[in-house]
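Peer 1: below: sequence and its predicted model.
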Amino acid sequence: MRNPNNKYFCLQNSSIFALLFLSLLFHHTLLISGNSPSLLIDNITLDCGSASEGHARDGRIWSADANSTFLLLDPTNASKISSAVKSPMNDAVPYITVRLSRFEFTYVFPVTFGTKFIRLYFYPSSYPDFSSSIPFFSVKANRYTLLSNFSSAPNAQDAGLDGFVKEFCLNVEDGETLNVTFAPTPGVTDAYAFVNGIEIASMPTKLYYTDEGFKFVGSWNNESSLESNTALELMYRINVGGQFIEPQNDTARMFRSWNSDNEYLSIAEPSALLYNNTIQLKYRSNIAHFAAPDGVYQTARSMGMNKKTNENYNLTWDFQNFYIYIATQIAESKADVIAWSGGNGFPVFKDYAVTIEPEGNERVQNISIALHPRPEMSGYSDAILNGLEIFKLSNADNLAAPNPDIPPINPPTAATTSPTSTKSNKNRTTIGAIVGGAVSGFLVLSFLLF
């Protein structure tokens, strides 16, 4: 078991600049999870284009689109339901069927007011009567622009998938319905809009949105809050040191997916994997139940047991992020997770934000999350992290970003093949964080002191 006095760390963050005036919020979470309560207020899964109820591999039932209770606003009555010519490699439901149109169409969902997850499922494939058309389109949810001039093919290739999900968070105000509108990009010949599945799930109001102040890194005001009029787009959700956690195993039926961190770990020598499925998980508040499933807190990655080695490297993860430039700034010169939480084994939240602005011709860069010990404060040389989430925040109700570039498809050569042990750090600016954990980006950082 790890000594509970190993608690001090310095958190370094970054100022981030991008072609969109957006913000990243670092939602830094220190939590110990356990049995979670059920949260089932709005839980909608619509299999778009389907004429009958669909059953996914995870056991969830997806409602039929044809004659569904969700009124479809289609002024020209031009949208069609269809099926993909080629079956996806991942789950057929909801990817195999589709609703698509060369004209605008809208789904109207009667939901309770409050904050919601919206997940849009896309499978870029050939569809009858649309095989030679171009899918460039926008998506709006009430007043929020989620996607603009969006092309699914490069996004799928960038993610290394055939079918993929785009996840958003937004607030539905009292008396509102949730209208999700798909519209082809104007001026693009033969453009059309499509969607394979729509999922809507409720979340606790204060899971990501809070009136409590948090540090705004690099700002003279240095205090901010995340209000419910801001929309969020998920960039990454990671189970550090553990395996993929499927949506049905998420806490409180919010159906979040948690990916392994193996792909993103760039510096990890020797990097110790920690596992403890017998730990007693405790909470100080109800909101702590919803931060992450038990599996996230039962696994972790630390720096290892070699004090000398640990003091000479940063345990680092790199996350590719839309059009950014990173310059290191310190968010916390000293962080004491035990003092924050009031004792070992109790949850605490720490939030940080940075701003994205234009910076020359900078293209895709990386957000780096690095952990480094501060032995002069604690006498120990280690760091630990259980999980993290990175979100992009809207500005002026807009979350849209440019489509990713499609890299050329060339066979690997001896000169270009990367080592398999860790990712290359070439041309990456690291955001260092010193011990216990550090985060860059609207991260939900999750810590559990084993």
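Peer 2: Thanks, I have the structure now.

Peer 1: which one's the longest helix in the protein?
Peer 2: helix 152-159 (DSSP state H).

Peer 1: how about the CA coordinates for it, as PDB?
Peer 2: Extracted C-alpha coordinates of helix 152-159, given in PDB (Å, rounded to 0.1, in the frame of the first residue of the first chain):
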ATOM      1  CA  SER A 152     -17.200  12.200 -41.200                       C
ATOM      2  CA  ALA A 153     -14.600  10.400 -43.300                       C
ATOM      3  CA  PRO A 154     -11.400  12.200 -42.100                       C
ATOM      4  CA  ASN A 155     -12.700  12.200 -38.600                       C
ATOM      5  CA  ALA A 156     -13.200   8.400 -38.700                       C
ATOM      6  CA  GLN A 157      -9.700   7.900 -40.300                       C
ATOM      7  CA  ASP A 158      -8.200  10.200 -37.700                       C
ATOM      8  CA  ALA A 159      -9.800   8.100 -34.900                       C
END
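
Peer 1: output the contacting helices and strands for that helix.
Peer 2: strand 114-122, strand 164-172 (3 or more C-beta pairs under 8 Å, 6 or more residues apart in numbering; DSSP states H and E). In short, each C-beta sits where N, CA and C put it, glycine included.

Peer 1: now that helix: average pLDDT?
Peer 2: The average pLDDT within helix 152-159 is 75.

Peer 1: what comes up buried for that helix?
Peer 2: Ser152, Pro154, Asn155, Ala156, Gln157, Asp158 (16 or more other C-beta atoms under 10 Å).

Peer 1: mean pLDDT and distance to Glu311 for the helices and strands packed on helix 152-159 - can I get that in CSV?
Peer 2: Shown next, in CSV, are these (pLDDT from 0 to 100; distance: least, C-beta to C-beta, whole Å):
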stretch, mean pLDDT, distance to Glu311
strand 114-122, 96, 41
strand 164-172, 95, 38
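
Peer 1: for Tyr127, state which of the buried residues of helix 152-159 is nearest.
Peer 2: Ser152 (11.9 Å; C-beta to C-beta).

Peer 1: pull the contacting residues for the residue lying closest to that closest one once chain neighbours are set aside.
Peer 2: Once flanking residues are discounted, Ser152 sits nearest to Pro124: 4.0 Å by C-beta to C-beta, 6 or more residues apart in numbering. By C-beta atoms under 8 Å, 6 or more residues apart in numbering, the contact list for Pro124 reads Pro135, Ser152, Ala153, Ala156, Asp162.

Peer 1: one more time with 6 Å, if that's ok
Peer 2: Ser152, Ala153, Ala156 (C-beta atoms under 6 Å, 6 or more residues apart in numbering).

Peer 1: Three-state assignment for it, please.
Peer 2: coil (DSSP: H, G, I helix; E, B strand; the rest coil).

Peer 1: which SS class is Tyr313?
Peer 2: coil.

Peer 1: look at it and report its pLDDT.
Peer 2: 86.

Peer 1: returning to what we had before: got a pLDDT number for the residue nearest to Ser152?
Peer 2: Model confidence at Pro124, given as pLDDT, is 91.

Peer 1: where's it relative to Pro247, distance?
Peer 2: With the distance defined as C-beta to C-beta, to the nearest Å, Pro124 ends up 21 Å from Pro247.

Peer 1: before we move on, the earlier item: Serialize the helices and strands packed on helix 152-159 to TSV and add fields for mean neighbour count and distance to Arg57.
Peer 2: Shown next, in TSV, are the helices and strands packed on helix 152-159 (neighbours: other C-beta atoms under 10 Å; distance: least, C-beta to C-beta, whole Å):
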stretch	mean neighbour count	distance to Arg57
strand 114-122	21	14
strand 164-172	20	14
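
Peer 1: out of these, which is closest to Asp261?
Peer 2: Nearest of the helices and strands packed on helix 152-159 (C-beta to C-beta): strand 164-172, 18.3 Å.

Peer 1: okay, the angle between the next helix or strand after that closest one and strand 114-122?
Peer 2: Following strand 164-172 in sequence order, the next helix or strand is strand 178-184 (DSSP states H and E). Here strand 178-184 runs at an angle of 30 degrees relative to strand 114-122 (axes from the mean of the first three to the mean of the last three C-alpha atoms, to 10 degrees).

Peer 1: in PDB, list the C-alpha atoms belonging to stretch 69-86.
Peer 2: Output of stretch 69-86 as PDB, limited to C-alpha atoms (Å, rounded to 0.1, in the frame of the first residue of the first chain):
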ATOM      1  CA  THR A  69     -42.300   9.300 -30.800                       C
ATOM      2  CA  PHE A  70     -39.600  11.900 -31.600                       C
ATOM      3  CA  LEU A  71     -41.200  14.300 -34.100                       C
ATOM      4  CA  LEU A  72     -39.100  14.700 -37.200                       C
ATOM      5  CA  LEU A  73     -39.200  18.200 -38.600                       C
ATOM      6  CA  ASP A  74     -38.500  17.700 -42.300                       C
ATOM      7  CA  PRO A  75     -40.000  20.600 -44.200                       C
ATOM      8  CA  THR A  76     -39.300  19.200 -47.600                       C
ATOM      9  CA  ASN A  77     -40.000  15.600 -46.600                       C
ATOM     10  CA  ALA A  78     -36.800  14.800 -48.300                       C
ATOM     11  CA  SER A  79     -34.900  12.800 -45.700                       C
ATOM     12  CA  LYS A  80     -34.600   9.100 -46.300                       C
ATOM     13  CA  ILE A  81     -33.900   6.000 -44.100                       C
ATOM     14  CA  SER A  82     -31.400   3.500 -45.500                       C
ATOM     15  CA  SER A  83     -28.800   0.900 -44.600                       C
ATOM     16  CA  ALA A  84     -25.100   0.900 -45.300                       C
ATOM     17  CA  VAL A  85     -23.900  -1.200 -48.300                       C
ATOM     18  CA  LYS A  86     -21.000  -2.500 -46.200                       C
END
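
Peer 1: so which bits of that stretch are buried?
Peer 2: So, applying 16+ other C-beta under 10 Å, buried residues of stretch 69-86: Phe70, Leu72, Asp74, Ser79, Lys80, Ser82, Ala84.

Peer 1: so which of those comes closest to Glu389?
Peer 2: Phe70 (28.6 Å).

Peer 1: wait, the closest one touches Tyr107, no?
Peer 2: Yes. Counting by C-beta atoms under 6 Å, Tyr107 is a contact partner of Phe70 at 5.3 Å.
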